[in-house]
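Trainee: what's the 3D shape of this:
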Amino acid sequence: MTLNKIYHSTHSEFQQIDVIGTYFGKTLVTDGKTQSTQFDEFAYHESLVHSSLLNFAYYNKRGPKTVLIGGGGELATAREILRHTSVERCVMVDLDGKAKYI
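Mentor: Here you go, the predicted model:
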């Protein structure tokens, strides 16, 4: 992947965090590994969230009211969870508090 621009680069207690510009738009990279890109992050987060929440609703005859996200990163998982009208509370827990400000 060609690096077009460095938007932000920092190191937390846990990891190296970079937001860079690439062919895929803004790209979140932690410890040298791509986590998500502006161009296609929706495909990953939609399939992660909606299949799980709809499966829960099917077997429980109601949608979930409370959802816990372990390691929420750039908040895209929370965005998709909050599209479900049954959700009253969404809690995100992330080991690296510095990453949430990126």
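Trainee: CA only for contacts and neighbour counts going forward, please
Mentor: OK.
Trainee: Give me the next element, helix or strand, following the longest helix belonging to the chain.
Mentor: Counting residues, the longest helix found in the chain (DSSP state H) is helix 41-60. Using DSSP states H and E, the helix or strand that follows helix 41-60 in sequence is strand 66-70.
Trainee: next structured bit after that next one?
Mentor: With DSSP H and E setting the assignment, the helix or strand that follows strand 66-70 is helix 76-81.
Trainee: what packs against that following helix?
Mentor: Judged by 3 or more CA pairs under 8 Å, 6 or more residues apart in numbering; DSSP states H and E, helix 76-81 is in contact with helix 41-60, strand 66-70, strand 89-93.
Trainee: residues making contact with that helix?
Mentor: Here helix 76-81 makes contact (CA atoms under 8 Å, 6 or more residues apart in numbering) with 41-42, 45-46, 48-50, 53, 67, 69, 72, 87, 90, 92.
Trainee: Can you flag the buried ones in these?
Mentor: 45-46, 49-50, 53, 67, 72 (16 or more other CA atoms under 10 Å).
Trainee: Dump those into TSV; add pLDDT and distance to residue 27 as well.
Mentor: Conversion of the buried ones among the contacts of helix 76-81 to TSV gives the following (pLDDT from 0 to 100; distance: CA to CA, whole Å):
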residue	pLDDT	distance to residue 27
45	93	15
46	95	18
49	96	21
50	96	23
53	97	27
67	97	26
72	78	16
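Trainee: The residues you listed into JSON lines, with extra columns for distance to residue 32?
Mentor: Shown next, in JSON lines, are those (distance: CA to CA, whole Å):
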{"residue": "45", "distance to residue 32": "21"}
{"residue": "46", "distance to residue 32": "24"}
{"residue": "49", "distance to residue 32": "25"}
{"residue": "50", "distance to residue 32": "28"}
{"residue": "53", "distance to residue 32": "31"}
{"residue": "67", "distance to residue 32": "30"}
{"residue": "72", "distance to residue 32": "18"}
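Trainee: May I ask which helix or strand encompasses the closest residue to residue 9 other than its chain neighbours?
Mentor: Leaving aside its chain neighbours, residue 9 sits nearest to residue 18 (4.4 Å; criterion: CA to CA, 6 or more residues apart in numbering). In the assignment (DSSP H and E), residue 18 maps to strand 16-22.
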